[in-house]
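*Asks:* Could you look at this predicted model? Sequence included:
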Amino acid sequence: MLYEAIAAALVALAVVALIIGPLTRPGQGSVAGAEEPEDVEETPKGMALAALREIEFDRETGKLSDEDYASLKAKYTAEALAILRLESADHRAAPHTAGGGHDNASVPGLPAGAQGDAVEALIADRVRTMQANTIRCRTCGPRPESDALFCSSCGRSLTVGGCSSCGAPLIPGSQFCEGCGTAVPR
(Lines give C-alpha, C1' and ligand atoms only; values in the text may rest on other atoms or scores of the structure.)
Protein backbone atom coordinates (compact mmCIF):
# COMPACT_ATOMS: atom_id res chain seq x y z
CA MET A 1 0.00 0.00 0.00
CA LEU A 2 2.88 2.36 0.79
CA TYR A 3 4.49 1.63 -2.57
CA GLU A 4 1.27 2.46 -4.39
CA ALA A 5 1.01 5.84 -2.60
CA ILE A 6 4.65 6.67 -3.41
CA ALA A 7 4.17 5.63 -7.05
CA ALA A 8 1.01 7.77 -7.33
CA ALA A 9 2.82 10.76 -5.82
CA LEU A 10 5.74 10.33 -8.28
CA VAL A 11 3.36 10.08 -11.24
CA ALA A 12 1.52 13.20 -10.04
CA LEU A 13 4.83 15.09 -9.70
CA ALA A 14 5.87 13.99 -13.20
CA VAL A 15 2.57 15.20 -14.67
CA VAL A 16 2.86 18.55 -12.88
CA ALA A 17 6.46 18.92 -14.11
CA LEU A 18 5.40 18.19 -17.69
CA ILE A 19 2.62 20.76 -17.50
CA ILE A 20 4.55 23.53 -15.73
CA GLY A 21 7.87 22.97 -17.57
CA PRO A 22 7.01 24.73 -20.86
CA LEU A 23 5.38 27.59 -18.96
CA THR A 24 8.53 28.33 -16.95
CA ARG A 25 10.94 28.19 -19.91
CA PRO A 26 10.21 31.13 -22.24
CA GLY A 27 11.01 30.58 -25.89
CA GLN A 28 11.32 26.79 -25.62
CA GLY A 29 7.85 26.14 -27.01
CA SER A 30 8.33 28.11 -30.23
CA VAL A 31 10.38 27.30 -33.28
CA ALA A 32 13.86 28.82 -33.09
CA GLY A 33 14.10 32.08 -35.04
CA ALA A 34 10.38 32.16 -35.87
CA GLU A 35 8.60 35.27 -34.71
CA GLU A 36 4.93 35.98 -34.86
CA PRO A 37 4.25 38.23 -37.86
CA GLU A 38 3.49 41.83 -37.00
CA ASP A 39 -0.12 42.91 -37.47
CA VAL A 40 -0.20 45.40 -40.35
CA GLU A 41 -2.83 47.52 -38.59
CA GLU A 42 -0.45 48.02 -35.64
CA THR A 43 2.38 49.49 -37.72
CA PRO A 44 2.62 53.28 -38.17
CA LYS A 45 1.88 52.82 -41.89
CA GLY A 46 -1.15 50.63 -41.17
CA MET A 47 -2.52 53.05 -38.59
CA ALA A 48 -2.17 56.03 -40.94
CA LEU A 49 -3.84 54.18 -43.82
CA ALA A 50 -6.61 52.93 -41.52
CA ALA A 51 -7.22 56.50 -40.37
CA LEU A 52 -7.50 57.63 -44.00
CA ARG A 53 -9.98 54.84 -44.75
CA GLU A 54 -11.97 55.76 -41.65
CA ILE A 55 -12.28 59.46 -42.53
CA GLU A 56 -13.24 58.53 -46.11
CA PHE A 57 -15.97 56.27 -44.73
CA ASP A 58 -17.12 58.89 -42.23
CA ARG A 59 -17.39 61.49 -44.99
CA GLU A 60 -19.25 59.10 -47.30
CA THR A 61 -21.75 58.32 -44.54
CA GLY A 62 -22.22 61.99 -43.68
CA LYS A 63 -20.52 61.93 -40.28
CA LEU A 64 -17.86 64.51 -41.24
CA SER A 65 -18.36 67.98 -42.65
CA ASP A 66 -16.33 69.00 -45.69
CA GLU A 67 -14.12 71.30 -43.57
CA ASP A 68 -13.35 68.58 -41.01
CA TYR A 69 -12.75 66.07 -43.79
CA ALA A 70 -10.32 68.40 -45.57
CA SER A 71 -8.28 69.10 -42.42
CA LEU A 72 -8.19 65.46 -41.30
CA LYS A 73 -7.37 64.22 -44.80
CA ALA A 74 -4.50 66.69 -45.10
CA LYS A 75 -3.15 65.68 -41.70
CA TYR A 76 -3.32 61.91 -42.22
CA THR A 77 -2.20 62.06 -45.86
CA ALA A 78 0.91 64.00 -44.83
CA GLU A 79 1.55 61.46 -42.06
CA ALA A 80 1.08 58.49 -44.42
CA LEU A 81 3.33 60.02 -47.07
CA ALA A 82 6.03 60.74 -44.49
CA ILE A 83 5.92 57.11 -43.36
CA LEU A 84 5.97 55.84 -46.95
CA ARG A 85 8.91 58.09 -47.80
CA LEU A 86 10.77 56.92 -44.70
CA GLU A 87 10.15 53.28 -45.62
CA SER A 88 11.22 54.03 -49.19
CA ALA A 89 14.45 55.63 -47.96
CA ASP A 90 15.09 52.67 -45.64
CA HIS A 91 14.46 50.29 -48.52
CA ARG A 92 16.86 52.15 -50.81
CA ALA A 93 19.54 52.20 -48.10
CA ALA A 94 19.28 48.41 -47.62
CA PRO A 95 21.58 46.32 -49.84
CA HIS A 96 20.01 44.78 -52.91
CA THR A 97 19.28 41.08 -52.76
CA ALA A 98 21.31 38.57 -54.72
CA GLY A 99 18.18 37.69 -56.69
CA GLY A 100 18.21 41.08 -58.39
CA GLY A 101 15.93 42.87 -55.93
CA HIS A 102 15.13 46.49 -56.67
CA ASP A 103 13.39 49.42 -55.11
CA ASN A 104 9.66 48.93 -55.60
CA ALA A 105 8.93 52.45 -54.36
CA SER A 106 10.79 54.13 -57.22
CA VAL A 107 9.23 54.60 -60.61
CA PRO A 108 11.62 53.84 -63.48
CA GLY A 109 12.47 56.82 -65.62
CA LEU A 110 11.42 59.44 -63.08
CA PRO A 111 13.83 61.69 -61.22
CA ALA A 112 13.86 61.29 -57.42
CA GLY A 113 11.78 64.45 -56.82
CA ALA A 114 9.09 63.44 -59.31
CA GLN A 115 8.57 60.05 -57.67
CA GLY A 116 6.55 61.63 -54.85
CA ASP A 117 4.45 63.37 -57.52
CA ALA A 118 3.88 60.01 -59.21
CA VAL A 119 2.60 58.56 -55.93
CA GLU A 120 0.32 61.58 -55.48
CA ALA A 121 -1.00 61.12 -59.02
CA LEU A 122 -1.72 57.42 -58.37
CA ILE A 123 -3.56 58.27 -55.16
CA ALA A 124 -5.59 61.02 -56.86
CA ASP A 125 -6.50 58.65 -59.71
CA ARG A 126 -7.66 56.00 -57.24
CA VAL A 127 -9.79 58.56 -55.35
CA ARG A 128 -11.37 59.74 -58.63
CA THR A 129 -12.18 56.13 -59.56
CA MET A 130 -13.76 55.48 -56.16
CA GLN A 131 -15.81 58.69 -56.33
CA ALA A 132 -17.02 57.92 -59.85
CA ASN A 133 -18.42 54.58 -58.66
CA THR A 134 -20.20 56.11 -55.64
CA ILE A 135 -23.96 56.58 -55.64
CA ARG A 136 -24.85 60.17 -54.79
CA CYS A 137 -28.09 61.79 -53.76
CA ARG A 138 -28.56 65.23 -55.35
CA THR A 139 -29.41 66.74 -51.96
CA CYS A 140 -27.65 64.56 -49.33
CA GLY A 141 -24.41 63.63 -51.13
CA PRO A 142 -22.72 60.21 -51.25
CA ARG A 143 -24.65 57.21 -49.97
CA PRO A 144 -23.06 54.19 -48.27
CA GLU A 145 -25.52 51.74 -49.84
CA SER A 146 -24.12 50.55 -53.17
CA ASP A 147 -27.38 49.02 -54.38
CA ALA A 148 -29.85 51.66 -53.15
CA LEU A 149 -32.53 52.98 -55.47
CA PHE A 150 -33.65 55.68 -53.03
CA CYS A 151 -31.73 57.91 -50.60
CA SER A 152 -31.85 56.57 -47.04
CA SER A 153 -31.99 60.14 -45.66
CA CYS A 154 -34.45 62.03 -47.80
CA GLY A 155 -36.11 59.28 -49.87
CA ARG A 156 -35.26 60.89 -53.21
CA SER A 157 -34.75 58.55 -56.20
CA LEU A 158 -31.11 57.77 -56.95
CA THR A 159 -31.73 56.62 -60.52
CA VAL A 160 -30.05 58.51 -63.35
CA GLY A 161 -32.86 58.94 -65.83
CA GLY A 162 -34.65 56.39 -67.97
CA CYS A 163 -33.73 53.80 -70.56
CA SER A 164 -33.87 55.12 -74.11
CA SER A 165 -35.64 51.94 -75.26
CA CYS A 166 -38.19 51.11 -72.56
CA GLY A 167 -38.11 54.16 -70.23
CA ALA A 168 -37.32 52.12 -67.09
CA PRO A 169 -35.28 53.97 -64.45
CA LEU A 170 -31.54 53.35 -64.67
CA ILE A 171 -29.43 52.53 -61.63
CA PRO A 172 -26.23 54.62 -61.32
CA GLY A 173 -23.22 52.74 -62.66
CA SER A 174 -25.29 50.13 -64.51
CA GLN A 175 -24.13 49.07 -67.95
CA PHE A 176 -27.44 47.59 -69.06
CA CYS A 177 -31.10 48.42 -68.49
CA GLU A 178 -32.71 46.08 -65.96
CA GLY A 179 -35.99 46.26 -67.85
CA CYS A 180 -35.01 45.39 -71.42
CA GLY A 181 -31.25 44.68 -71.37
CA THR A 182 -30.30 47.54 -73.68
CA ALA A 183 -26.75 48.85 -73.21
CA VAL A 184 -26.63 52.13 -71.31
CA PRO A 185 -24.69 54.82 -73.20
CA ARG A 186 -21.69 56.14 -71.28
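*Replies:* Sure thing, it's come through.
*Asks:* and the lengthiest helix in the chain, which residues are buried?
*Replies:* Using DSSP state H to define each element, the chain has its longest helix at helix 66-93. Neighbour-count burial for helix 66-93, counted by 16 or more other CB atoms under 10 Å, picks out Tyr69, Leu72, Lys73, Tyr76, Thr77, Glu79, Ala80, Ile83, Leu84, Ser88. For every residue, glycine as well, the C-beta is placed using N, CA and C.
*Asks:* doesn't Leu64 make contact with the second one?
*Replies:* Yes. Applying CB atoms under 8 Å as the test, Leu72 and Leu64 come out as touching, 7.2 Å apart.
*Asks:* what is in contact with the two at once?
*Replies:* Each of Ile55 lies in contact with both Leu72 and Leu64 under the rule CB atoms under 8 Å, 6 or more residues apart in numbering.
*Asks:* what about the helices in the protein?
*Replies:* With DSSP H as the criterion, the chain has helices spanning 2-24, 44-60, 66-93, 112-132.
*Asks:* quick one: which of those is nearest Arg156?
*Replies:* When those are compared for distance to Arg156 using CB to CB, the nearest one is helix 44-60, at 17.2 Å.
*Asks:* That closest one - contacts with which helices or strands?
*Replies:* helix 66-93 (3 or more CB pairs under 8 Å, 6 or more residues apart in numbering; DSSP states H and E).
*Asks:* ok, which pair from the buried residues of helix 66-93 is furthest apart?
*Replies:* That would be Tyr69 and Ser88, which, of the buried residues of helix 66-93, are the farthest apart (CB to CB) at 27.1 Å.
*Asks:* thinking again about what came up before, need the buried residues of helix 66-93 in TSV with pLDDT, can you?
*Replies:* Shown next, in TSV, are the buried residues of helix 66-93 (pLDDT from 0 to 100):
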residue	pLDDT
Tyr69	89
Leu72	88
Lys73	87
Tyr76	86
Thr77	86
Glu79	84
Ala80	82
Ile83	82
Leu84	80
Ser88	74
